[in-house]
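A.B. asks: pasting the sequence and the predicted model now:
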Amino acid sequence: MSGQSLSVPALARGTPPRRLGLPRNLGAARRFVVPVLLLLLWQLAAQSGLVSTRLLAPPSAIAAAAWQLIASGELGYHLAVSLQRVAIGLSIALVAGVSLGLLAGLSRLGEDLVDATLQMLRALPFLALVPLLILWLGIGEATKIALVALGAAFPIYLTLFGGIRGVDPKLLEAGRVFGLSRAGVIRHIILPGALPQALVGLRYALGTAWLSLVVGEQINATAGIGYLVMDAREFLRTDIILVGLAIYALLGLGADQLVRMIERKALAWRPSVLGER
Amino acid sequence: MPDPVLRLSRFTRRFHGPAAPPVLDRLDLTIPAGEFVALLGRSGSGKTTLLRTLAGLDPVTEGTASLPARRAVVFQEPRLLPWKPVWRNVALGLPGEAAVTRQRALAALQEVELSHRATAWPLTLSGGEAQRVGLARALVREPELLLLDEPFAALDALTRLRMQSLVGELWQRHRPAVLLVTHDVEEALLLADRVLVLAAGRLVEDLAVDLPRPRRRAAAAFDTLRVRLLATLGVDENGHDATARAA
């Protein structure tokens, strides 16, 4: 085993020997072994009658339901509605979070005015605002978008503010010594220095945005993935419910990949990113 | 004697209000243009405090200081911006058109023999390379006064030797006035025209080093000066704390 793991190609590439004896090109496939096994078990359990198909649809039924929803265009329609809600909500959150973060991060006055207030508001679980939002904004699109925006704005603000304040003071000094103006220090040192943190915040914000969407779409929605799931519940269609859940999971994954892609581009200078090449 | 580039007069610095004991106490110091001065002192003697003021990072509150407009610093840690490639770090804050500053940055990198790393990310550099970039970043500003804050302290012994001779060569080529803050007596004697010793905020030694260059550590005159400076610093030849023994 150990002889195999020290095979010549692995050494030539300079990679550390792998602990498991599986060849490297199977490494990616290896990660899917357990999920695929679980799916098989699930299917078998359903077919053998061990699990009631009424309570938990088997994978085959879920796939069939998904195909049907795609073919009829229903899935596309609801997905578009959900994506639009997230896009609008997230845009509002970005504008608000970034401007407040810059304001509080770059000026003491801004910090005094903004930060304490936001830290207090942050202590409030934003989903608890749903009753108020419904009273203020009704049960239409506005409430759903507001929920997404509220949920996503805080992580963006917090990480940007923290990132700006966490920039190495020694670099700021170096900037001053080498004749950068205040604007130059912000542009060349503070903002790039805060970017890694801010991108972590963006990733976190995307996660909260999906969470808010799930909650928001369960409030009297007439369209969207959440509506699809709630509607399916009425008819005990666990297959459609599970399709909805899978879509939520895929959306979350996709968003995460998107931010990783941005990170690889924008943070190419970091050793962790350099190491991935 | 050429005009001085730096003149401090009764310069005093305190950290905790006007009643606190001074970290630097009524310092008088003049450095003529082109002179290489080394400043020795134990930890806490006020070396770094003095350098920070000369770099313009701390204000002058007591006494007077006249400083040249063009100053540059090489810090103990390279302090490169990790998100900018090497040549952009060198060009940081240079006035003028981008194409021109780029040419100047590349020329400075060539002087420190790092042309081949111009587009590298700073975090991929070795300690010695990063410090040479720091040197190029200082040189490109054509300083009248070059401040070196223990720039070799974090380097391994071999790299330190190479850096010391590089600094010596660059100084002879460009002739800025240099203030090298260090705690290494031999380094000071290898490079400087004049060695100052700072103790408890006062300059207690101002020693001209009239040895021919390039200097050899093995020379007898070198050793005489070394022993003398070590004694001023309160350390005897075997590294024992002379002040502690006296007490």
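C.D. replies: Yep, it's here.

A.B. asks: show me the contacts for residue B:193.
C.D. replies: Counting by C-beta atoms under 8 Å, 6 or more residues apart in numbering or on different chains, residue B:193 touches B:35, B:36, B:37, B:208, B:209. Quick note: C-beta positions are derived from backbone N, CA and C, even for glycine.

A.B. asks: near the fourth one, how many other residues are there?
C.D. replies: Going back to what we said before, that points to residue B:208. Neighbourhood size, residue B:208 [other C-beta atoms under 10 Å in any protein chain shown]: 10.

A.B. asks: that one bridge partners, please.
C.D. replies: Residues in a beta bridge with residue B:208, per DSSP bridges, are residue B:194.

A.B. asks: which residue ranges form the strands in chain B?
C.D. replies: Using DSSP state E, the strands found in chain B span residues B:4-13, B:24-32, B:36-41, B:62-66, B:71-74, B:145-149, B:177-182, B:194-199, B:202-208.

A.B. asks: got a markdown table for the ones you listed, with distance to residue A:184 and mean pLDDT too?
C.D. replies: Converted to a markdown table, the strands of chain B look like this (distance: least, C-beta to C-beta, whole Å; pLDDT from 0 to 100):
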| stretch | distance to residue A:184 | mean pLDDT |
| --- | --- | --- |
| strand B:4-13 | 26 | 92 |
| strand B:24-32 | 29 | 93 |
| strand B:36-41 | 30 | 94 |
| strand B:62-66 | 25 | 91 |
| strand B:71-74 | 16 | 94 |
| strand B:145-149 | 21 | 95 |
| strand B:177-182 | 26 | 95 |
| strand B:194-199 | 33 | 94 |
| strand B:202-208 | 36 | 92 |
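
A.B. asks: ramachandran angles for residue B:76?
C.D. replies: Dihedral pair for residue B:76: phi -60, psi -50, per degrees, to the nearest 10.

A.B. asks: and what of residue B:214?
C.D. replies: Phi and psi for residue B:214, reported as degrees, to the nearest 10, are phi -70, psi 150.

A.B. asks: residues contacting the nearest residue to it once chain neighbours are set aside?
C.D. replies: Excluding the flanking residues, the one nearest residue B:214 by C-beta to C-beta, 6 or more residues apart in numbering or on different chains is residue B:168, at 7.4 Å. Shown in contact with residue B:168 (C-beta under 8 Å, 6+ apart): B:190, B:191, B:213, B:214.

A.B. asks: any of the contacts of residue B:193 buried? List them.
C.D. replies: Buried members of those, counted by 16 or more other C-beta atoms under 10 Å in any protein chain shown: B:35, B:36, B:37, B:209.

A.B. asks: what's the neighbour count on residue B:16?
C.D. replies: 8.

A.B. asks: distance of it relative to residue B:202?
C.D. replies: Distance, residue B:16 to residue B:202, using C-beta to C-beta, to the nearest Å: 19 Å.

A.B. asks: same check, this time on residue B:107
C.D. replies: Applying C-beta to C-beta to residue B:107 and residue B:202 gives a distance of 41 Å.

A.B. asks: next one: residue B:112
C.D. replies: Counting by C-beta to C-beta, the gap from residue B:112 to residue B:202 is 36 Å.

A.B. asks: likewise residue A:248?
C.D. replies: Distance from residue A:248 to residue B:202, by C-beta to C-beta: 71 Å.

A.B. asks: give me the more crowded residue out of the two.
C.D. replies: Applying other C-beta under 10 Å to residue A:248 and residue B:202 shows that residue A:248 carries more neighbours, namely 19 against 14.

A.B. asks: whichever helix or strand the more buried one is part of vs chain B: in contact?
C.D. replies: Assessed by DSSP states H and E, residue A:248 sits inside helix A:238-266. No: contact between helix A:238-266 and chain B is absent, the nearest approach being 8.9 Å (criterion: C-beta under 8 Å from any C-beta of the partner chain).

A.B. asks: report all helices and strands that that helix contacts.
C.D. replies: If contacts are counted by 3 or more C-beta pairs under 8 Å, 6 or more residues apart in numbering or on different chains; DSSP states H and E, helix A:238-266 sits against helix A:59-71, helix A:74-106, helix A:191-216, helix A:225-234, helix A:271-276.

A.B. asks: which segments of chain B make up each domain?
C.D. replies: What the record gives for chain B is the domain set B:1-70+B:147-210, B:78-142, from automatic domain parsing.

A.B. asks: buried deepest among those domains, which one?
C.D. replies: Among the domains of chain B, domain B:78-142 has the highest mean neighbour count (mean count of other C-beta atoms under 10 Å in any protein chain shown), at a mean of 19.

A.B. asks: show the end-to-end separation of it, please.
C.D. replies: With C-alpha to C-alpha, to the nearest Å as the measure, domain B:78-142 spans 19 Å from end to end.

A.B. asks: and it, how far from the chain's centre?
C.D. replies: In terms of C-alpha atoms, centre = their mean, to the nearest Å, the centre of domain B:78-142 is set 19 Å apart from its chain centre.

A.B. asks: next one: stretch A:152-170
C.D. replies: What separates the centre of stretch A:152-170 from the centre of its chain is 18 Å, taken as C-alpha atoms, centre = their mean.

A.B. asks: now swap in stretch A:175-194 and tell me
C.D. replies: Centroid displacement of stretch A:175-194 relative to its chain, using C-alpha atoms, centre = their mean, is 31 Å.

A.B. asks: do you know how far the closest residue to residue B:165 other than its chain neighbours is from residue B:127?
C.D. replies: Once flanking residues are discounted, residue B:165 sits nearest to residue B:214: 7.8 Å by C-beta to C-beta, 6+ apart. In this view, residue B:214 and residue B:127 are 24 Å apart by C-beta to C-beta.

A.B. asks: same question for residue B:228.
C.D. replies: Using C-beta to C-beta, residue B:228 is found at 32 Å from residue B:127.
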